[in-house]
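In: Generate a structure from the sequence data that follows.
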Amino acid sequence: MTRHAPLSEDIQLLGELLGQVLIEQEGREFYNLVEEVRALAKAGRTKTTGSLGRLQAIIAKLSVPDMHRLARAFSHFLSLSNIAEQQHRIRRRRQYQADLSGSPQRASIDESLQLLLRSGVDKGRIHETVSQLRVELVMTAHPTEVRRRTQQQQHRRIALLLRARDLHAMTPRELELNRTELMREIAACWATAEVRRERPTPEDEVRGGLAVFEQVLWTAVPRYLRELSAALEQHCGQQLPLGAAPIRFGSWMGGDRDGNPNVTPRTTAHACLLARWMAADLYHREIGLLRQELSMNDCSDELRCQVGDAWEPYRTLLQPVLQRLSATRDSLAQQLEAEPENGAQGAKMDQSYSQVQELRAPLLLCWNSLRETRQGSIAAGRLLDILRRLDCFGLSLFELDIRQESDRHTEALDFITSHLALGSYGQWDEAGRQEFLLEHLQGTDALIPASFWTGGVELPAEISDVLETFAVIAQQPPGVLGAYVISMARSASDVLAVELLQEEARRAFAAASQGAPQRVVPLFETQADLDAGGDVVRTLLSLPWFRDRVRSAHGDELEVMLGYSDSAKDAGRLAAAWALYKCQEQLVEAAAAFEVRLTLFHGRGGSVGRGGGPMHAAILCQPPGSVQGSLRVTEQGEVIRAKYGRPGIAVRTMELTTTAVLEATLLSWDGAQPKWRERMERLSDASKTTYREVVRHTDEFVRYFRSATPEQELSLLNIGSRPARRRSGGGVESLRAIPWIFAWTQTRLMLPAWLGVGAALDQEMQTSEGRQELEELASNWPFFSSTLDLIEMVLAKALPDISERYDQRLVPEALHPLGQSLRQRYATACERLLELRGREQLLEASPVLQRSVLVRNPYVDPLNLLQVELLARLRDSEGRSDVEQQQVKAALLMTFNGIAAGMRNTG
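Out: Here you go, the predicted structure:
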C-alpha cells in the first residue's frame, strides 16, 4: 500500500456514500446525470477532443433547478474530499511520529531542533529562544469564508468519523456502523441549505471565531505545547519552562472597522465582553474538572496556611476560584444583556477576575505544592495545561485589534480643531500636524472638551463613531486589546494622531481606564507607502516623545504591519513581494538604529494574490534580522477553517509557524548579493510596468473584467459583514483586494498572482548572462526561490481554457482580443518559468501537489461551466419572472461555493 492509498480510499468511500444519498434523495435519473457530467469532465482533462464542448452543450439544456442540484453535487464532493485530505494530513503526521527509525517530518519540531543542533547552535541558546518566542496568530473576518457554520459543524462530525476509522481497530460490524453514521451525516449535509439567507453581522463573525477557540484551539494549544516541551527535553535536555507562551492569538473580528460601517463601538464592546465570557466559562469548566482530580491530602505549608485544617486542601483552595469565575461569568453576561448605547463597560463586580495574575496565583500555589510534596506528575497534568492556557489565552482568549483608516482620524481632528477655532487640521502640512500633535501629547490639559464625550455637542455620525471607539478602548481591562492598526498609514502624523486621540479618551475616562495605552501600529499597504515605510518609522523614533512612549509603555518594542493584499493589487504580485522585502530591510535598520525590538505584523491573505502560501517557507525567506523571535500574522476567512478546523491540523499549523520563526531567528544568512538585488529591481520594474499597463491603462480592461468574471454578482453572496468596495463607483482601485482575487479565482485565470511575471522573466532571459544570473537567484536566494514556487503553484491551478469559455459566452466580441492577450501572457509566464527551472511540467518538483491539482480539475470544471451558463441567464433576464431569476441566483451562489471548495480558497 502506498503512503497515500488511505486518502484515496477515504475519498472513494465518501464519494460512494454521496452517490447513495443522491439516489435516495434525488433519484437514479439525477445520479446518472451527475455520473455523465463527471465522465465528460474527466475525458476533457485527458485531452479527449470535444468533451468539454459536449459537456457545455448538456449544461445549456438543463433547467435551472437541475443546474442548482448539479452544482450542489459537485460542491459536496469537493468539500468531502477536503475533509479526507485534512484527515490524511493528520494521519501522515502520526505516521512520521510513529516511525522512530526514519527521518522526522519536514518542518516538524524534531527536524527543526536537529537542524539547529547540526548547524552549531548551542542547546542552551535554542532552549532560551524557544522559551521567549512570541508568535501571534491573528484571526480576521475578511469575507472569504463561504460556508455556513451549520455546515462546518456537519463537516466536523464527518471528520471525527473518519478519524475513528484510523484510530480504532474496528470490527466488521463497527466499520459498518461507522459507514452508516457517515452516510447519515452526508445525507444531513445534502438536506441542509449551504448558502446563508442573510449576510452575517459582525457579531455573527465574532461568535464564529470564538467557536474555533472553544472547539479546537482550547484543546490544540496545550497539546502542541506538550509536544514542544517533550521535543525540547529530548534534544536540548530541558522542558519548556512554566510561563513560556510561544503561541498567542489576536483577532480582528469585531474590531476591524476599516471600510465596514457595520462595526460600531457597541460591536467592539460586545466582542470584548463575549470573548471574556467565553474564557471565563472555559476556565470554569476546566478548573471544575481539576478540582475533582486534586483529591489528595498532602500539601505544602504555604498552601496549608491558605486553607487551614481542610481535609482536601486543593479542593478547598479551588472552590472560591470556581465561585469567582462563576461571578465573573455572570457579571459579563449581565453586561452583554445591557448593551449600553455608547459601548461603555458596566461596573466590575468585586469578585470578577480582570487580571491574569489574580487567577494564576492560586493555580501556581497548587503547582508549587504538588511539586514540593513529590506529586510532580500530577502537577504536570491538567493543572499544567490550565497554566499554559492562561499564558497563551489570557482572560479573553485573544487580544482584539482595532483597525481604522488614517483618513477617519484626520477627519475627526479636523472637526475638533475647526470647532475649537484652532484652524483646519486637514489643511495643515505634515510639519504643522506633527507640531500640533506633539504639543498636546506633551501637555497636561485636555484638547477635546468633556462635552464631546458626554453628548453635549452634536457630532457628525462618522466623528462620533471615531470618538466612541476610543471611549470603548479606554475602558477595557488589561490584556483584552492588542494593537490599534492604522490602515493606509503614510506619515508620522498618522500614528501621532491616534496616540493623541487615545490619550484624550484615557483622560476623559480616567476612572475606568486601566493598564498601559494600546500600542499603535502603522499599516503600510501600497507600493509607495512600503517604499516610504522605513523613513516614516525613522521619523517617529527620532521624536523624543514617541521614543519615550515606546520605551515606557511598550518595553522598547515596536510593531509595524505590512499589507500584502493591497500592495499586490496596486503593483502586481512580483513587484509587491520585492517592495515588501525592501521595506522590511529598512524597518530592521531603523529599529536597530534606535535600539528598539521590532515585531513585523504580516497581513497575508488566503490566496497567493493576497500574499498567501505555505507559511513555513514564507517566514524563512524574510530578510535577515526581520524575524527576531517574534512575529504576528493574519489568518483569514476559509484559511481559518482549513488550518484550525481540527485540533490535529491546528497543532501542525502552530508547529509549522513556530519552527519557521525559530529557524529564522537562530540561523544566519548573509542576505542577497548586490547583483541579485539589481536583477530583482529590474524584474520588479518590468513586472509592475506590465501589470499596470494592463490593469490601469488598458481602456477596456475594467469593462472586460466585469464581463468576464462574476465580480458584480459577488454582492449576492452573503459571506461577510464588510462591503466589497471601499467607496461606491470607481474602477479596480476602489475594489477591495478580496473580491478582486475572488473574481479571478472563480474563472480559473488567477490573473493577479502572475500578471507581469512572464514579461519580466522574458525581458531578463534575453541574454545568456541574464538567464544564468536568474538561475543563480533561483538556486541560492530563498526569497526568489519561494516567490517562484508560489507563482508556479498558481499557474498550475489556472486553466485558461476554462477562462476562455467565460469570454465566449459573456464578453462582448469586441473585447475578445483582450482576453486572448491575457491568456497569451499566461502562456508566456508558464514557458519562461519552466525554462528558468529546467522543467517540463508545472509542479514537477512537487508531485503530491501536482496530483492533487490534476485530480480536482474534473470536479471543478463542471462548476465553472454551470457558472458561465448561469451568469449568462442572470444577465439576460428578458422573459423571466422574478421567481425564476431568484432560482438562477441561488444556483449561481452554489457554484461560488463549489469552486471555492475546489480551489481551496476564495479570496
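
In: what's stretch 831-844 in contact with?
Out: Residues from elsewhere that reach stretch 831-844, judged by C-beta atoms under 8 Å, 6 or more residues apart in numbering: 757-758, 761-762, 765, 771, 774-775, 778, 788, 791-793, 795-796, 830, 845, 849-850, 853. All C-beta atoms are positioned from the backbone trio N, CA, C, and that covers glycine.

In: Out of these, which end up buried?
Out: The neighbour-count criterion (16 or more other C-beta atoms under 10 Å) marks 757-758, 761-762, 765, 771, 774, 778, 788, 791-793, 795-796, 830, 850, 853 among the contacts of stretch 831-844 as buried.

In: Go through those residues and flag which are in helices.
Out: Applying DSSP state H to these, the entries found in helices are 757-758, 761-762, 771, 774, 778, 788, 791-793, 795-796, 830, 850, 853.

In: biggest separation within these, which pair?
Out: Greatest spacing in these, by C-beta to C-beta: R771 and V853 (27.6 Å).

In: picking up where we left off before, tell me the one of the ones in helices among the buried ones among the contacts of stretch 831-844 nearest G572?
Out: Closest to G572, out of all of these and judged by C-beta to C-beta, is V757, at 7.8 Å.

In: got the contact list for the closest one?
Out: If you count contacts by C-beta under 8 Å, 6+ apart, V757 has them with G572, R573, L574, S687, I791, A829, R832, L833.

In: same thing with G645?
Out: Residues counted as contacts of G645 (C-beta under 8 Å, 6+ apart) are Q86, Q152, H155, R156, A159, V212, V216.

In: Find the residue at the geometric middle of the chain.
Out: E635 (1.3 Å; C-alpha atoms, centre = their mean).

In: Doesn't it lie inside a strand?
Out: Yes. Under DSSP: H, G, I helix; E, B strand; the rest coil, E635 falls within a strand.

In: Which of the contacts of G645 fall in helices?
Out: Among those, the members found in helices (DSSP H) are Q86, Q152, H155, R156, A159, V212.

In: Enumerate the positions of the lowest-mean-pLDDT helix or strand in the chain that are buried.
Out: Here the helix or strand of the chain ranked lowest by mean pLDDT, DSSP states H and E is helix 565-571, holding a mean of 80. Using 16+ other C-beta under 10 Å as the test for burial, helix 565-571 gives S565, D566, S567, A568, K569, D570, A571.

In: ok, now stretch 204-218?
Out: Quick answer for stretch 204-218 (16+ other C-beta under 10 Å): 204-210, 212-213, 215-218.

In: First-to-last residue distance for it?
Out: Terminal residues of stretch 204-218 lie 20 Å apart, using C-alpha to C-alpha, to the nearest Å.

In: List of residues touching it?
Out: Here stretch 204-218 makes contact (C-beta under 8 Å, 6+ apart) with 139, 141, 145, 149, 156, 200, 249, 251, 253-254, 267, 270-271, 274-275, 278, 282, 389, 393, 397-398, 640, 644-647, 650, 720-721.

In: Can you turn the buried part of these into a ChimeraX selection?
Out: In ChimeraX, this line selects whichever of the contacts of stretch 204-218 come out buried by 16+ other C-beta under 10 Å:
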select :139,141,145,156,200,249,251,253,254,267,270,271,274,275,278,282,389,393,397,398,640,644,645,646,647,650,720,721
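
In: Just the contacts of stretch 204-218: which are in helices?
Out: Taking DSSP H as the definition of helices, the contacts of stretch 204-218 contribute 149, 156, 267, 270-271, 274-275, 278, 282, 389, 393, 640, 644, 647, 650.

In: From the contact counts, what lies against the helix or strand where L7 lies?
Out: Using DSSP states H and E, L7 sits in helix 5-26. Secondary-structure packing of helix 5-26 (3 or more C-beta pairs under 8 Å, 6 or more residues apart in numbering; DSSP states H and E): helix 28-45, helix 64-98, helix 149-167, helix 172-190.
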